[in-house]
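Novice: Any chance you can model this:
(one chain, ligands or ions: 3)
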Amino acid sequence: MTSTDVRPFRHGREPATGILLCNLGTPAAPTAAALRRYLAEFLWDPRVVEIPRPLWWLILHGVILRVRPAQSAAKYVSIWTEAGSPLLAIARRQAAGVQARLSAVCRAPVHVALGMRYGEPSIAAALRELRERGCERILLLPLYPQYSASTTASAFDAVAAELRRWRWVPELRTVGSYHDAPGYIDALAASVRTAWAEAAAGERLLFSFHGLPRRNLELGDPYFCQCHKTARLVAERLQLGEGRWAVAFQSRFGRAEWLQPYTSVLLAEWARAGVRRADVICPGFSADCLETLEEIAVENRDTFVHAGGEALRYIPALNDTPAHLDLLVGLIRQHCGGWPTFDAAAPSDTRTPGRTRALALGAAD
Ligand SMILES: C=CC1=C(C)c2cc3[nH]c(cc4nc(cc5[nH]c(cc1n2)c(C)c5CCC(=O)O)C(CCC(=O)O)=C4C)c(C)c3C=C
Ligand SMILES: [Fe+2]
Ligand SMILES: [Fe+2]
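Specialist: Ligands and ions are numbered 1, 2, ... in the order given. Next up, the predicted model:
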């Protein structure tokens, strides 16, 4: 239990609702040293790499962290912006946009905080920020549309690890996934249509999702099925016939078999089969990042062109577009049902817990 484990009481204020937006996190700088710190934390998470610990420690520290940081840093340099890593810069804009929209519609105080699973700003710091702001109810919204244990459950683990140190834990709700939410499907379909309006549609559309070890699917992870459902619903909305679209998985890591088909392999096959122009959308990434801006838009475009294709267009992630912010606010409203946050009229006793807490802390009522 920490010594600061009290919630500041603000006389006369209603308890607030906290919205914790989570994403994966990103290195603090595009350098080998920063990558080593980031990868050491990320790849040590047992939700991410499920190899037994003593063996994995030897492989991670003996091999991977000696080689990969410099290689990955070189890739990050190519996408780094004045505002830093795209993933974090976009996540900050998403949090600010969601806060502005909620503040405009909520009748009770609501605070949005951003927590990254690895690196900074951490999930623990975001939770403490919400506590400082008097949040007695927290909604965890991992910005992963498709559930996987390696992402969504890992974010939940980090929340639980922080809360187990608190004396007075908040009410907690979690968004598990939104892979088939109508607003999400609509937003994806609209961004494909926007791309097609700017320059003619490619002959085929590829839905590329981050990969996972195939074993995770066999052990019951719903990620693979949710990715397929997302793609099918968007293809239906776009009235794309069979053969004009496909699902593939990118960002393979290590030697084990991952979910198939692999994005780079399928794109090369398409090019060899005579497809000249293809479009790629990555619906699993709520913000553009290394895996989209470098791996798809640069590496996989080169793969496609070297195999005989002419143009591979990457359709950007939903990022902080109005459609995405509206979707996130819609999800928040849906999952905060029953909390006073959005209700038209406050229950008459909403301040009672605040008074009780004030007395408990010795404050004058
Ligand atoms: C075993 C390794 C990995 C698993 C499992 C994994 C799952 C997974 N990851 C994302 C989203 C992102 N991953 C990103 C980067 C990234 N991913 C891995 C490895 C695994 N991911 C590594 C080693 C890296 C770092 C970069 C590199 O060295 O290649 C990112 C980008 C972060 C950024 O800073 O831009 C995202 C986002 C999902 C959705 C997922 C499971 C479904
Ligand atoms: Fe990843
Ligand atoms: Fe990658």
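Novice: Whichever residue of the stretch 251-365 of the chain sits closest to ligand 3: neighbour count?
Specialist: Of the stretch 251-365 of the chain, the residue with the smallest distance to ligand 3, taken as CB to the ion, is Ser251 at 4.0 Å. The way it works is simple: take the backbone N, C-alpha and C, and place the C-beta from them, glycine included. Around Ser251 sit 19 other residues, with neighbours defined as other CB atoms under 10 Å.
Novice: which ones are touching it?
Specialist: If you count contacts by CB atoms under 8 Å, 6 or more residues apart in numbering, Ser251 has them with 210-211, 291, 295.
Novice: Most widely separated two among those?
Specialist: Based on CB to CB, the longest span within these runs between Gly211 and Glu295 and measures 10.9 Å.
Novice: Common neighbours of these two, please.
Specialist: Each of 250-251 lies in contact with both Gly211 and Glu295 under the rule CB under 8 Å, 6+ apart.
Novice: quick one: Gln260 from Pro213, how far?
Specialist: Summarising the geometry, the distance separating Gln260 from Pro213, computed by CB to CB, to the nearest Å, is 11 Å.
Novice: ok, those two, which is more surrounded?
Specialist: The neighbour comparison of Gln260 against Pro213 (other CB under 10 Å) goes to Pro213, with 20 against 14.
Novice: Let's test this: what are the backbone torsions at Val169?
Specialist: Recorded main-chain torsions at Val169 are phi -80, psi 150, according to degrees, to the nearest 10.
Novice: ok, it - contacts?
Specialist: Shown here is Val169, whose contacts under the criterion CB under 8 Å, 6+ apart are Leu163.
Novice: Let me know the pLDDT of the spatially most central residue of the chain.
Specialist: Nearest to the centroid of the C-alpha atoms of the chain, with distances taken as CA atoms, centre = their mean, sits Leu143, at 3.1 Å. Residue-level confidence at Leu143 comes out at 98, pLDDT.
Novice: what do you get for Leu21?
Specialist: Confidence per residue is given as pLDDT, and for Leu21 that number is 98.
Novice: Next, count neighbours for whatever residue of the stretch 201-350 of the chain ends up closest to ligand 1.
Specialist: With CB to the nearest ligand atom as the measure, the residue in the stretch 201-350 of the chain that lies nearest ligand 1 is Cys289; the distance is 3.0 Å. Burial measure for Cys289: 24 neighbouring residues, criterion other CB under 10 Å.
Novice: In this protein, which helix is the longest?
Specialist: When the chain is parsed with DSSP state H, its longest helix is helix 86-105.
Novice: Check which residues of it are buried.
Specialist: Using 16 or more other CB atoms under 10 Å as the burial criterion, the residues of helix 86-105 that qualify are 86-92, 94-95, 97-99, 101-102.
Novice: try stretch 128-135
Specialist: By neighbour count, with 16+ other CB under 10 Å as the criterion, the buried positions of stretch 128-135 are 128-131, 133-135.
Novice: In JSON lines: those, plus pLDDT, distance to Val110 and secondary structure.
Specialist: Rendered in JSON lines, the data for the buried residues of stretch 128-135 read as follows (pLDDT from 0 to 100; distance: CB to CB, whole Å; DSSP: H, G, I helix; E, B strand; the rest coil):
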{"residue": "Arg128", "pLDDT": "98", "distance to Val110": "17", "secondary structure": "helix"}
{"residue": "Glu129", "pLDDT": "98", "distance to Val110": "13", "secondary structure": "helix"}
{"residue": "Leu130", "pLDDT": "98", "distance to Val110": "10", "secondary structure": "helix"}
{"residue": "Arg131", "pLDDT": "97", "distance to Val110": "15", "secondary structure": "helix"}
{"residue": "Arg133", "pLDDT": "95", "distance to Val110": "10", "secondary structure": "coil"}
{"residue": "Gly134", "pLDDT": "95", "distance to Val110": "11", "secondary structure": "coil"}
{"residue": "Cys135", "pLDDT": "97", "distance to Val110": "8", "secondary structure": "strand"}
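Novice: Closest one of those to ligand 1?
Specialist: Glu129 (21.9 Å).
Novice: can I assume that closest one is in contact with Leu114?
Specialist: No - contact status for Glu129 versus Leu114: not in contact, 9.1 Å apart, counting by CB atoms under 8 Å.
Novice: Give me every residue in the protein lying close to ligand 1.
Specialist: Proximity of the chain to ligand 1 (CB under 6 Å from any ligand atom) is limited to residues 24, 26, 39, 48-49, 68, 72, 85, 87, 144, 148, 150-151, 210, 212, 223, 251, 253, 284-285, 289-291.
Novice: Of these, which qualify as buried by neighbour count?
Specialist: The neighbour-count test (16+ other CB under 10 Å) marks 24, 26, 39, 48-49, 68, 72, 85, 87, 144, 148, 150-151, 210, 212, 223, 251, 284-285, 289-291 as buried among these.
Novice: Count the neighbours of Glu203 for me.
Specialist: Based on other CB under 10 Å, the number of other residues close to Glu203 is 15.
Novice: oh, I was asking about Asn23
Specialist: The local packing count at Asn23 equals 25, with neighbours defined by other CB under 10 Å.
Novice: All set, thanks.
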